[in-house]
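K.L.:
Need a 3D model of the following:
(one chain, ligands or ions: 1)
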Amino acid sequence: MQPPSAADPSLTTDVLIIGGGAAGLSLALRIADQAKVTILSKSSLKQGSTYYAQGGIAAVIDAHDSLSSHVEDTLIAGAGLCHPDIVEYTVSRGKECIDWLIKQGVGFSRDNETAAHDAGEHYHLTKEGGHSHRRVIHAADATGKAVFGCLAARVLQHPNIKFAINSVAIDLLTGKKLGLDHNNCLGAYVLNEETGKVATFSARFTVLATGGASKAYLYTSNPDGASGDGVAMAWRAGCRIANMEFNQFHPTCLYHPQDRNFLITEALRGEGALLRLPNGFRFMPGYHKSAELAPRDIVARAIDAEMKKTGCDCVYLDITHKSREFILEHFPNIYARCLSLGIDICTQLIPVVPAAHYSCGGVMVDINGQSDLENLYAIGETSFTGLHGANRMASNSLLECFVFAFSAAEHIAKKLDHTSGFDQIPPWDDSMVTNSDEDVVIAHNWDEIRRFMWDYVGIVRSDKRLQRAKRRIELLKKEIHEYYSNYKVTTPLLELRNLAVVAELIISSAISRKESRGLHYSLDYPDLSDTVADTILVPPNFTIPE
Ligand SMILES: Cc1cc2nc3c(=O)[nH]c(=O)nc-3n(C[C@H](O)[C@H](O)[C@H](O)COP(=O)(O)OP(=O)(O)OC[C@H]3O[C@@H](n4cnc5c(N)ncnc54)[C@H](O)[C@@H]3O)c2cc1C
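P.N.:
A predicted model of the protein is given here:
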């Protein structure tokens, strides 16, 4: 370590938010009138999942709906593991969040036939899987884009907010690491992707809003940045991580070398599309009486089982029996996207695979988004609040981003006057490392982790497969650590290092759950256990919060 020096004042802030998706942008806007805020984002502005969210945001808006109904639906989806107090809290703040988004200027789709908003504005509400009422407010089929565009524009106009793109947080700065008496979070080391230099960001409050970890799997609907950085940084800083075994898989993601992140909506099956093996055989009737319309996790498991049994790379969705007019009217986006890849869905089958879609587990936080480490918060997909339990209900995830951005902002505001920062932080020391001349190692290890996670820790698990994955990740972690210690950091290396931590946490969590519940399905323990408990992983450097 180099000797401490006063931190660069331009990098000193009140609130450092790592991540510029729905959660990070909302928190910034909620606190910026009272505090100076810096938001960090990897590469471009559109790196997070928020931009790609299609369906919408769940909230009780319709006069015929009720908070108790939304609570009940969420508890049912969560298969016994939701924290009822958190579910009630989240659901109760839904309408307030939507009103705020409307005030910010988000253009939700309107519907004069559906009386939805008490201000006299009528918004169209859709009904998604698990919801017993119409309660999903949306902006056509591109809600994330509308929300992101509006909030990002507001953030860029705010005089108290700095938005630093191409900035990748490497690790959190803690009192313990700096040898101080008090262990709290003091900011982060951050890589500037353009210059390759590492800067020290000192902050009174630090917020992880880094999104999910679905990039740990070979196939995912998430954009490239979803490498679980927040979870890995929090774990290394001594925070507990919970329920990482519950990763939601979407059954049908396009399988194409040029486009691996495109979801094929369930509505296609809703309108009659059939699932077929490469030889044309329709397999879903053998798995469930509702065949292609079985619940999402059952369809994903059936596809996975067929792919493992037959060794095929993908299965196919077939909507060719519908007329071209019907397809163009109902699925113009899917039609256009597939056609751009040379697939005319009116005459050809669509290659699909299940894909990792959403991480239910994450950094353990309380109702304020506060983690185990003082002045460190986690909000959005990177956090574990207790809302989702063993399975996330559709459109509750964006809701959680807003509700916990609100509560974290309120908590930080109360502490602003009596929380000081620390600016005598040693700069990043890279005097002993060199530029890597073997980047192939990074690419190879990335690939290896994501492939064995898919094969051994995916939709269907067994003790044997999980133990195999555990042996592999232990070896890889050593190799990656050696590499990290000897070479200058780059984004792929940092993501690989984080991915390895996240993979290990998912494997450990899956090994410790001796039952099948929600999204975790084990061939060795196919039944529900009588013991209902979260999987809480405690890092070796954990200290009980004061
Ligand atoms: C295709 C798709 C469709 C979806 N549809 C819906 C839907 O209809 N309704 C719904 O409720 N949910 C939906 N979801 C889930 C929902 O979009 C996400 O859970 C939510 O957007 C997560 O928001 P977030 O703010 O937590 O993180 P994200 O939006 O993922 O943002 C993460 C941010 O963190 C930054 N970041 C990450 N690591 C670092 C680092 N080390 N340093 C600096 N910055 C970092 C990224 O650059 C990014 O800015 C969908 C997800 C996908 C992928």
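
K.L.:
Buried residues, stretch 445-456. List them.
P.N.:
For stretch 445-456, a neighbour-count test (16 or more other Cβ atoms under 10 Å) marks 445-446, 449-450, 452-454, 456 as buried. C-beta here means a position set from N, CA and C on the backbone, and glycine is covered the same way.

K.L.:
Could you list the contact residues of the stretch 251-400 of the chain toward the ligand?
P.N.:
Residues of the stretch 251-400 of the chain lying near the ligand by Cβ under 6 Å from any ligand atom: 263, 358, 380-381, 395, 397-398.

K.L.:
could you redo the last one with a cut-off of 5 Å?
P.N.:
Of all the residues in the stretch 251-400 of the chain, those in contact range of the ligand (Cβ under 5 Å from any ligand atom) are 380-381, 395, 397-398.

K.L.:
Now tabulate the buried residues of stretch 445-456 in TSV and tack on pLDDT.
P.N.:
Below are these laid out as TSV (pLDDT from 0 to 100):
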residue	pLDDT
Asn445	95
Trp446	93
Ile449	97
Arg450	96
Phe452	96
Met453	97
Trp454	92
Tyr456	95
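
K.L.:
Mind giving me the ChimeraX select for the residues of the stretch 251-400 of the chain next to the ligand, buried ones only?
P.N.:
This is how ChimeraX selects the buried members of those, with burial counted by 16+ other Cβ under 10 Å:
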select :380,381,395,397,398
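
K.L.:
What is the most widely separated pair among the residues of the stretch 251-400 of the chain next to the ligand?
P.N.:
Gly380 and Ser395 (14.3 Å; Cβ to Cβ).

K.L.:
burial measure for the residue in the stretch 401-546 of the chain that the ligand sits nearest to, as a count.
P.N.:
Here the stretch 401-546 of the chain gets closest to the ligand at one residue, Cys401, 4.9 Å apart by Cβ to the nearest ligand atom. Neighbour count for Cys401, taken as other Cβ atoms under 10 Å: 28.

K.L.:
picking that back up, can you convert the residues of the stretch 251-400 of the chain next to the ligand into a markdown table and add a column each for secondary structure and pLDDT?
P.N.:
As requested, these are exported to a markdown table (DSSP: H, G, I helix; E, B strand; the rest coil; pLDDT from 0 to 100):
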| residue | secondary structure | pLDDT |
| --- | --- | --- |
| Gly380 | helix | 98 |
| Glu381 | helix | 98 |
| Ser395 | coil | 91 |
| Ser397 | helix | 97 |
| Leu398 | helix | 97 |
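
K.L.:
Just the closest of the residues of the stretch 251-400 of the chain next to the ligand to Asp527, please.
P.N.:
Looking across these and measuring by Cβ to Cβ, the closest to Asp527 is Ser397, at 28.1 Å.

K.L.:
Tell me the secondary structure at the spatially most central residue of the chain.
P.N.:
For the chain, the residue nearest the mean C-alpha position is Gly212 (2.4 Å; Cα atoms, centre = their mean). Here Gly212 is coil, with the state taken from DSSP: H, G, I helix; E, B strand; the rest coil.

K.L.:
Who are the contact partners of Tyr219?
P.N.:
Tyr219 makes contact with 253, 255, 260, 353-356, 454 under the criterion Cβ atoms under 8 Å, 6 or more residues apart in numbering.

K.L.:
can I get the residues you listed in TSV with distance to Gly80 and secondary structure?
P.N.:
Converted to TSV, the contacts of Tyr219 look like this (distance: Cβ to Cβ, whole Å; DSSP: H, G, I helix; E, B strand; the rest coil):
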residue	distance to Gly80	secondary structure
Cys253	28	strand
Tyr255	34	coil
Arg260	34	coil
Val353	29	strand
Pro354	24	strand
Ala355	26	strand
Ala356	23	strand
Trp454	27	helix
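
K.L.:
Any buried residues in the biggest helix by length in the chain, and which?
P.N.:
The single longest helix within the chain, with elements called by DSSP state H, is helix 463-486. In terms of neighbour count (16+ other Cβ under 10 Å), helix 463-486 has its buried residues at 465-466, 468-470, 472-473, 476-477, 480, 483-484.
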